[in-house]
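Enquirer: Mind looking at a prediction? Sequence and model below.
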Amino acid sequence: MRSEGRAVNEEGTQPLKFNKVRAGTVNRMRELEILKDGLREAGEGSGAAGGDVMQALYARSQTEPYVPDPVVDVRDITLSFLGEWLTVYGWWLTLFRV
């Protein structure tokens, strides 16, 4: 499944192949342009790929399901990803307790 998060088994694992990264949104397209400019400045953009940003692809046997670290104390999470303060409710503590 595409929505299944997976992580590479070992550090030195070689990918099966590389594909060009495709932009699905305008923001992603802008990010790729910045990466391409950085590759050109570093001198890594010339070659068979033509300066394209490449993505490593791994087989299922080279990866394992991603398991995030358990949340030990919810009260430590006080800022949301937007930088706003969250109000921690008591019933949240029972939902996220290990």
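Expert: Received it, and whenever you're ready, just let me know what you need.
Enquirer: From now on I want contacts and neighbour counts done on CA atoms only, so please keep to that.
Expert: OK.
Enquirer: wait, what's in contact with Thr13?
Expert: With contacts taken as Cα atoms under 8 Å, 6 or more residues apart in numbering, Thr13 has the following neighbours: Gln62.
Enquirer: Quick check: it is in a strand.
Expert: No - assigned with DSSP: H, G, I helix; E, B strand; the rest coil, Thr13 falls outside any strand and is coil.
Enquirer: Please report how far it lies from Arg60.
Expert: Distance of Thr13 to Arg60, given as Cα to Cα, to the nearest Å: 12 Å.
Enquirer: average pLDDT across the longest helix along the chain?
Expert: With secondary structure taken from DSSP state H, the chain has its longest helix at helix 26-42. Averaged across helix 26-42, pLDDT comes to 88.
Enquirer: Mind listing what's buried along that helix?
Expert: Neighbour counts using 16 or more other Cα atoms under 10 Å place Leu32, Lys36, Leu39 of helix 26-42 among the buried residues.
Enquirer: Output it as CSV, restricted to C-alpha atoms.
Expert: This file holds the C-alpha atoms of helix 26-42, laid out as CSV (Å, rounded to 0.1, in the frame of the first residue of the first chain):
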residue,chain,number,x,y,z
VAL,A,26,3.6,23.8,-7.3
ASN,A,27,5.4,23.9,-3.9
ARG,A,28,7.1,20.6,-4.6
MET,A,29,8.1,21.9,-8.0
ARG,A,30,9.8,24.9,-6.4
GLU,A,31,11.6,22.7,-3.9
LEU,A,32,12.9,20.6,-6.7
GLU,A,33,14.2,23.7,-8.6
ILE,A,34,16.1,24.8,-5.5
LEU,A,35,17.6,21.3,-5.2
LYS,A,36,18.6,21.3,-8.9
ASP,A,37,20.3,24.7,-8.5
GLY,A,38,22.2,23.3,-5.5
LEU,A,39,23.3,20.3,-7.5
ARG,A,40,24.5,22.5,-10.3
GLU,A,41,26.5,24.7,-8.0
ALA,A,42,28.1,21.7,-6.4
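Enquirer: what about the helices in this protein?
Expert: For the chain, helices defined by DSSP H occupy the ranges 26-42, 90-96.
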